[in-house]
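**Q** model the structure of this input:
(4 chains)
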Number of protein chains: 2
Amino acid sequence: MATLKDVAKLAGVSVSTASYSINGSNLITEETKSKVLHAAKEIGYRPNGLAKNLKEQKTNIIGLFLSGFTGPFFNDMMEGIQDVVMKMGYEMVVCASVDKHRLLVERYVDGAIILNYHMDDELLGSLASEKLPIVVLDRNFKNPFIKNILLPNQLGSALSVRHLIEKGHTRIGYIAGSEESYDGESRLKGFLSELQNHGVAFLDTDLIRADFTELSGYLEMSRFLNRQNNDLPSAMVCANDEMAMGTARAIQETGLQIPGDIALVGFDDIYVSKYFTPSLSTIEVPRKQWGTLAATTLFKMLDGQLDFEPEPLTVKLKVRNSS
Amino acid sequence: MATLKDVAKLAGVSVSTASYSINGSNLITEETKSKVLHAAKEIGYRPNGLAKNLKEQKTNIIGLFLSGFTGPFFNDMMEGIQDVVMKMGYEMVVCASVDKHRLLVERYVDGAIILNYHMDDELLGSLASEKLPIVVLDRNFKNPFIKNILLPNQLGSALSVRHLIEKGHTRIGYIAGSEESYDGESRLKGFLSELQNHGVAFLDTDLIRADFTELSGYLEMSRFLNRQNNDLPSAMVCANDEMAMGTARAIQETGLQIPGDIALVGFDDIYVSKYFTPSLSTIEVPRKQWGTLAATTLFKMLDGQLDFEPEPLTVKLKVRNSS
DNA sequence: AAATATGTTGTAAACGATTTCATTAAAATT
DNA sequence: AATTTTAATGAAATCGTTTACAACATATTT
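**A** As a prediction, this is how the structure comes out:
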């Protein structure tokens, strides 16, 4: 592969002159410059980013670290981040890393956005620095060089509860995700405390644990329906739309009607929710804006601004036919 | 940031000894090794990937280059690629690059998988080499260092046509995507030629051009319905599911029934299709397998095997309620 | 005891760029 | 014509690693 040295040799100049020419410095005569540029083109010179960034101690790359790519959730967020990153003249790379997190640890990136439960607080705490600011989207973790951008999960759940109570429901069940999820647990918390605010009792037996997948929602709801016989809540709130869809399937299989017999509210407003039958009432989250906010926050930190609070995100209740 | 030099100094050894120790060479005594390892831990040493890869002339990173992140299509494919890449001990980065394609051009990656119409054949041709093999998913482009993994689009369309003809349809319309899409055009081609195989005539006026989005499908179909008055095909094949959903919306708005008045078949079998009302007949494409095949192909090439044909992918007709 | 083999560590040259500083040539000033 | 100023280029250090090779110490063989 052709290097700058080769270009210089072909153009009959020194390496430094070649470098200056290619980077458009105005120290160099137009004549020399064009000599170099032509030589570069002739041998198909492409700069080596590794060498360049090693020297510059900067990669102009931002990393988005996810735990995986599946889930109907990420794409809008990625777009949001990408928009900002591109506007700032950086590159964005998306990685699904489970153990080594090499690109982050070995300093391939100038900054990182994290939505990855495989990366524990300790790791992030030890990596974050003035030179490597981090934005986390999946936990509450304070550190001078780490900022959180979190969804107002509790508010979201509260909106669902209020809506159902207004509709006259007095016994509301809940399908929770796995306990490790920060978002999941705050959604549950918001649900419970809003019930309390309204003086509505919650039966511990009406709390169903699943793991955020459609299938788990279906299976756990089926078991629940069996177990409870006909002693059922008149509404269920689900920690996400996928489980709501599974839940709906289980309910419909027993011959019960949605929302007639059991009303359903999900969370996330994923793309399918409005096409589902019945269309799903849910909490809309601003996915793309989540991404842009994360990215702008990161760039502020890269700019040396470390002492500020990112503006909060908002969620909205979408009432459809399932409630 | 602590470097190997710092570690060496603290451990009282030379840089090379430190390097060997950290990389677990068996040239070094256990005693020295542990001295170095402790020193490294003490000052929080993390290797610099740039320096390492510069020296090694190899990054162990594979790049997936997309034109963007939206579309319900990519996630499964990314998972497929990621699985393979991880198993091979590499990292995968996903980039949505529109102009500079820096990570590819400046040799951050050892290999690339491309699904990005922003990257033209000339660019890819000039980049691909023994040291940088490329797999393209969105075009037919032959080059010693570039392999294509393409969906059997024509076969897919043919399956739809056969299905509709079996159902007794004799006039079938088509909603095409934009003409720049390789997949799109081969789907159209497959559709037309299968009609011909069965001796079924196609009216040029029954060809609708949209741009793959739900909205474009809706708008163009609405115009079509207006224009044609009641002179309509009894079935439509759509180049993808999203347009099929838009088309369905347009049809239903005029009071016509699906599939009673107009039957509909899509392409892709995206996640929503089975939840849509009516559930959408479509062509299922093996998205995840597409990814794994692309990645295994790439790794074969990285292994120096350049003279082989990747096994073909298969598609399946999924008959649901729209036809 | 001398010669050789073995094991362990250090020296220094890469990798491919950027950039400081020195050098030279040409132009401007005296 | 001698000096100073300015402009253009080159030499060499640097970024943080890896690794071929040299160097040395110790253990083994004669």
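**Q** beta partners of the residue most central in space within chain A?
**A** By Cα atoms, centre = their mean, chain A has its centre lying nearest to residue A:115, at 5.3 Å. Taking DSSP bridges as the rule, residue A:115 bridges to residue A:66.
**Q** what sits against the closest residue to residue A:109 other than its chain neighbours?
**A** Among residues not flanking residue A:109 along the chain, residue A:63 sits closest, at 3.8 Å (Cβ to Cβ, 6 or more residues apart in numbering or on different chains). Using the backbone N, CA and C atoms, a C-beta is placed for each residue, glycine as well. By Cβ atoms under 8 Å, 6 or more residues apart in numbering or on different chains, the residues touching residue A:63 are A:92-95, A:103-104, A:108-109, A:111-113.
**Q** close to DNA strand D: what parts of chain A are there?
**A** Those residues of chain A that sit near DNA strand D, judged by Cβ under 7 Å from any atom of the strand, are A:12-17, A:20, A:27-29, A:31-32, A:51, A:54-55, A:57.
**Q** next one, pLDDT for the residue nearest to residue A:109 please.
**A** With respect to pLDDT, residue A:63 has a value of 96.
**Q** go on, residue A:72?
**A** 67.
**Q** now do residue A:296
**A** The predicted local confidence for residue A:296 is 97.
**Q** and what about it, helix, strand or coil?
**A** helix (DSSP: H, G, I helix; E, B strand; the rest coil).
**Q** that one contacts residue A:84, doesn't it?
**A** Yes. Taking contacts as Cβ atoms under 8 Å, residue A:296 lies within contact range of residue A:84: 5.6 Å.
**Q** could you give the backbone dihedrals for the residue nearest to residue A:109?
**A** phi -110, psi 140 (degrees, to the nearest 10).
**Q** domain assignment for chain A?
**A** A:4-47, A:58-150+A:287-313, A:153-284 (automatic domain parsing).
**Q** out of those, the one nearest residue B:242 is which?
**A** Residue B:242 lies closest to domain A:153-284 among the domains of chain A, at 10.2 Å (Cβ to Cβ).
**Q** how about the residues of the stretch 201-323 of chain A near chain B?
**A** Neighbours of chain B within the stretch 201-323 of chain A, by Cβ under 8 Å from any Cβ of the partner chain: A:245, A:271-272, A:275-277.
**Q** determine which two of those are furthest apart.
**A** A:271 and A:277 (14.9 Å).
**Q** all the strands of chain A, residue numbers only.
**A** When assigned using DSSP state E, the strands of chain A occupy the ranges A:61-66, A:91-96, A:111-115, A:134-136, A:146-148, A:172-176, A:207-209, A:235-238, A:263-265, A:282-284, A:316-318.
**Q** buried deepest among those, which one?
**A** strand A:235-238 (a mean of 30; mean count of other Cβ atoms under 10 Å in any protein chain shown).
**Q** any stretches of the stretch 1-150 of chain A with poor pLDDT?
**A** Along the stretch 1-150 of chain A, the model assigns pLDDT under 70 to residues A:72.
**Q** including distance to residue B:47, neighbour count and pLDDT, could the residues of the stretch 201-323 of chain A next to chain B go into TSV?
**A** Output for these, formatted as TSV (distance: Cβ to Cβ, whole Å; neighbours: other Cβ atoms under 10 Å in any protein chain shown; pLDDT from 0 to 100):
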residue	distance to residue B:47	neighbour count	pLDDT
A:245	45	24	96
A:271	41	16	89
A:272	44	22	90
A:275	49	18	92
A:276	49	24	94
A:277	54	15	92
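**Q** now those residues as JSON lines including distance to residue B:302?
**A** JSON lines is the format used below for those (distance: Cβ to Cβ, whole Å):
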{"residue": "A:245", "distance to residue B:302": "41"}
{"residue": "A:271", "distance to residue B:302": "36"}
{"residue": "A:272", "distance to residue B:302": "38"}
{"residue": "A:275", "distance to residue B:302": "42"}
{"residue": "A:276", "distance to residue B:302": "43"}
{"residue": "A:277", "distance to residue B:302": "47"}
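**Q** closest to residue A:255 among those residues?
**A** residue A:277 (15.7 Å).
**Q** assess the claim that that closest one and residue B:275 are in contact.
**A** Yes. Between residue A:277 and residue B:275 a contact is recorded at 7.1 Å, counting by Cβ under 8 Å.
**Q** on that earlier part again, export the contacts of residue A:63 as JSON lines, with columns for distance to residue A:221.
**A** Formatted as JSON lines, the contacts of residue A:63 follow (distance: Cβ to Cβ, whole Å):
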{"residue": "A:92", "distance to residue A:221": "38"}
{"residue": "A:93", "distance to residue A:221": "39"}
{"residue": "A:94", "distance to residue A:221": "33"}
{"residue": "A:95", "distance to residue A:221": "35"}
{"residue": "A:103", "distance to residue A:221": "40"}
{"residue": "A:104", "distance to residue A:221": "38"}
{"residue": "A:108", "distance to residue A:221": "44"}
{"residue": "A:109", "distance to residue A:221": "41"}
{"residue": "A:111", "distance to residue A:221": "41"}
{"residue": "A:112", "distance to residue A:221": "37"}
{"residue": "A:113", "distance to residue A:221": "34"}
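**Q** can you pull the contacts of residue A:233?
**A** Residues near residue A:233 by Cβ under 8 Å, 6+ apart: A:169, A:171-173, A:203, A:206, A:262.
**Q** hmm, I typed the wrong one, I wanted residue A:224.
**A** By Cβ under 8 Å, 6+ apart, the residues touching residue A:224 are A:173, A:208, A:250.
**Q** picking that back up, which among the residues of chain A next to DNA strand D count as buried?
**A** Buried by 16 or more other Cβ atoms under 10 Å in any protein chain shown: A:13, A:17, A:20, A:28, A:32, A:51, A:54, out of those.
**Q** kindly report the residues of chain A close to DNA strand C.
**A** Checking chain A against DNA strand C by Cβ under 7 Å from any atom of the strand, the hits are A:1, A:3-5, A:15-16, A:19-20, A:22-23, A:45-48, A:51-52, A:54-56.
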